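>>> Task: produce atomic coordinates for the following.
(chains A, B, C and D)
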There are 2 protein chains.
Amino acid sequence: MMVYKMAGHLIRRLNQISTHVFAQHMQQSGLDLTPVQFAAMDAIAANPGIDQAGVAAKIAYDRATIGGVIDRLLKKGYVTRQVSTQDRRARVLHLSNAGQTLFEDIFPTVQALQDEILPGLNAKERALFMELARKAVAPTSPQGSGDS
Amino acid sequence: MMVYKMAGHLIRRLNQISTHVFAQHMQQSGLDLTPVQFAAMDAIAANPGIDQAGVAAKIAYDRATIGGVIDRLLKKGYVTRQVSTQDRRARVLHLSNAGQTLFEDIFPTVQALQDEILPGLNAKERALFMELARKAVAPTSPQGSGDS
DNA sequence: GGATAATAGTAAGTATAGATACTAAATTGC
DNA sequence: GCAATTTAGTATCTATACTTACTATTATCC
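Model (predicted):
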């Protein structure tokens, strides 16, 4: 069982715990929102009128996945999608009123749950982990992604 | 864009880089093997005759996902699956000769690629990251998973 | 030893996650 | 200003990843 000592395996486990903690808190809040859906809403909230490719670039996803994510956010009524008047290829995105309310409501919960993602670490270790993670990710983060 | 400072987002990015690096090296080696498939083969190599639920427990997956992973490894001819003589519910797994050869061939590559997963970190930082990651994951790792 | 509970595997359904390819539209080069 | 390239979105396909539910089988308990 060599995988136990490999970075890839540990990172996958961390991601597994992360999504699990997120799902648990959403369920407790009676909400049906996934981590990607939240990230997409964050990108739209910070950049009203952004298009799907823009969202994908901001949160480091491919266009195909984000297309599906936006479909589901549309179906839930959290975002609006309109053909851009500047560029008829692009779809301009905004949070709906319901989406804005939801995002503001859920934000403190999502912020708070982050500490539970690293259950074996104390505050100091978590800060160190975050610093290393940020540094590790930086080289592959595109300019202006903010992902520094 | 609050997600940039959240552990969940950074961990997802790390996992994304990790799977990307893995896929790249496999392609360069002319092989068609995913991270999970490799992890499953590692579990079977270390525990010949283990069943699917055992593999799932060893590498922290659910039974449904592992069922599909084993299906694909079977189709590629890397593992064998037989109904257990002790327990007719269970399927006993072994690496085939081809699987054993492949696993031994690919192992050094997989070992070596781990450093590329954390491109922004030097050796010392990587070691620290690994230690923190192991510690972070430990509380949620079941007894005997080896995932300490 | 027979009802009950637990377990192995599968099936069905949802949601990422990303590669590839295609259409429509915009940009660039000259 | 038009051909060539690039880009936005979608469609298709494969592979996780997990939940719930179901069947078959085994283990447990009284």
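
>>> What residues does chain A have near DNA strand C?
Residues of chain A lying close to DNA strand C (CB under 7 Å from any atom of the strand) are A:19, A:32, A:34-37, A:61-65, A:68-69, A:72, A:87-89. No exception for glycine: its C-beta is placed from N, CA and C like everyone else's.

>>> can you rerun that using 10 Å?
A:15, A:18-19, A:23, A:32-40, A:56, A:59-73, A:75-76, A:83-90 (CB under 10 Å from any atom of the strand).

>>> Of these, which belong to helices?
Judged by DSSP state H, these include A:15, A:18-19, A:23, A:35-40, A:56, A:63-73, A:75 as members of helices.

>>> Report the buried members of the residues of chain A next to DNA strand C.
Buried members of the residues of chain A next to DNA strand C, counted by 16 or more other CB atoms under 10 Å in any protein chain shown: A:15, A:18-19, A:33, A:35-40, A:56, A:59-61, A:66, A:69-70, A:72-73, A:76, A:90.

>>> For stretch A:115-124, measure first residue to last.
For stretch A:115-124, the first-to-last residue distance is 11 Å (CA to CA, to the nearest Å).

>>> now that stretch, how far from the centre of its chain.
A distance of 19 Å separates the centroid of the chain from that of stretch A:115-124, by CA atoms, centre = their mean, to the nearest Å.

>>> How about stretch A:72-91?
18 Å.

>>> That one and chain B, any residue contact?
No. Stretch A:72-91 lies apart from chain B when judged by CB under 8 Å from any CB of the partner chain; the minimum separation is 15.1 Å.

>>> likewise stretch A:23-30?
No. Stretch A:23-30 stays clear of chain B (CB under 8 Å from any CB), getting no nearer than 10.9 Å.

>>> hey, C-alpha coordinates of that stretch in CSV?
Provided in CSV are the C-alpha atoms of stretch A:23-30 (Å, rounded to 0.1, in the frame of the first residue of the first chain):
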residue,chain,number,x,y,z
ALA,A,23,-22.5,18.6,1.8
GLN,A,24,-23.2,17.9,5.5
HIS,A,25,-23.5,21.6,6.3
MET,A,26,-25.7,22.3,3.3
GLN,A,27,-28.0,19.4,4.3
GLN,A,28,-28.2,20.7,7.9
SER,A,29,-29.2,24.1,6.4
GLY,A,30,-31.8,22.5,4.3
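
>>> Which positions within it qualify as buried?
Applying 16+ other CB under 10 Å to stretch A:23-30 flags A:25, A:26 as buried.

>>> Contacts for that stretch next, please.
With contact meaning CB atoms under 8 Å, 6 or more residues apart in numbering or on different chains, stretch A:23-30 is reached by A:32, A:33, A:34, A:106, A:109, A:110, A:113.

>>> mind putting the residues you listed in a markdown table, distance to DNA strand D included?
Below are the contacts of stretch A:23-30 laid out as a markdown table (distance: CB to the nearest atom of the strand, whole Å):
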| residue | distance to DNA strand D |
| --- | --- |
| A:32 | 12 |
| A:33 | 15 |
| A:34 | 11 |
| A:106 | 20 |
| A:109 | 19 |
| A:110 | 19 |
| A:113 | 16 |
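
>>> And those residues, which is closest to residue B:49?
The closest of the contacts of stretch A:23-30 to residue B:49 turns out to be residue A:34 (CB to CB; 37.7 Å).

>>> For the residue most central in space within chain A, which residues are in contact?
Most central in chain A under CA atoms, centre = their mean is residue A:39, positioned 2.5 Å from the mean C-alpha point. Residue A:39 makes contact with A:59, B:3, B:9 under the criterion CB under 8 Å, 6+ apart.

>>> so the first one sits right up against residue B:10, yeah?
I take that to be residue A:59. No. The criterion here is CB atoms under 8 Å, and residue A:59 misses it with residue B:10 at 11.8 Å.
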